[in-house]
Every structure is written in structure tokens, then in C-alpha cells.
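J.: Need a 3D model of the following:
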Amino acid sequence: MKSGSAKFAIGQVVRHRIYPFRGVIFDVDPEFANTEEWWQSIPEDVRPSRDQPFYHLLAENEESQYIAYVSEQNLTPDTSGEPVKHPRVAEFFTIGEDGAYRVRASQTH
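T.: Have a look, this model is predicted:
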């Protein structure tokens, strides 16, 4: 991925612009890299462009925690300061005293 091509960074907490969920980014694709079936499942009138970064999130809403795959245009920074409670956070990150998510050394490649 070209340096500076993604607006958000791994370890950053973000919110979806439309749907009520938030999460911490654990991976970034420089452009769409999911299945055609997944792509077609998005209603055409709200389907984002494929040629933008897509983010893998450890996501949560009021009912559950899950993995989400979201286009850059549909994300905004989360400024709540609330920790992400996803059960897999510790697998990917350590959390600093400042609340920042730092990638575990075992997750870098």
C-alpha cells in the first residue's frame, strides 16, 4: 500500500457513518479485496466504490461484537475515548496508558 493512501491507521478507533457500530482497525486493504458475493450483497444505491481503502475492524454495537469490512467513505474517527470491548482486541493490540491501541509484535509482518 502506498504511504499516505489510507485516511485511517491500524489501531485507530472509528465509527460507521450510517450504521450504529464502532471498532478498532486491525488491517487495511488499499482497495476492495473481499468476495464478489459480499460486494453484490450491498444494495446498489449505497454500494461504495471498489477503488478506495477498505478496513478490517474488530467491531461492536449494543448487541454484539464481530469482524466488519468497511469502505473508507463510510468511516469517521471515534472521539468518545471509550475502549473497544471486542473479545479479540488483546490478540491484536496492547493498550497503552494513554488508551492508544498498539499492534502486538506477533501481528506485524
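
J.: in stretch 44-58, what counts as buried?
T.: Buried residues in stretch 44-58, counted by 16 or more other CB atoms under 10 Å: 52-58. Just so you know, the C-beta spots here come from the backbone N, C-alpha and C atoms, and that holds for glycine as well.

J.: I'd say residue 26 and residue 86 touch.
T.: No: in this structure, residue 26 is not within contact of residue 86 by CB atoms under 8 Å, at 9.5 Å.

J.: joint contacts of these two?
T.: Both residue 26 and residue 86 are contacted by residue 58, under the criterion CB atoms under 8 Å, 6 or more residues apart in numbering.

J.: closest to residue 82 among the buried residues of stretch 44-58?
T.: Proximity of the buried residues of stretch 44-58 to residue 82 was ranked by CB to CB; the top entry is residue 58 with 13.8 Å.

J.: Which residue, other than its chain neighbours, is closest to that closest one?
T.: What sits nearest to residue 58 in space, not counting adjacent residues and going by CB to CB, 6 or more residues apart in numbering, is residue 86, at 3.9 Å.

J.: which residues does that neighbour contact?
T.: So, once contact is read as CB under 8 Å, 6+ apart, residue 86 ends up touching 23-24, 58-60, 65.

J.: pretty sure residue 106 is in a helix, no?
T.: Yes: the assignment for residue 106 is a helix, going by DSSP: H, G, I helix; E, B strand; the rest coil.

J.: And it, how far from residue 75?
T.: As judged by CB to CB, to the nearest Å, residue 106 and residue 75 stand 26 Å apart.

J.: Perfect, I'm done here.
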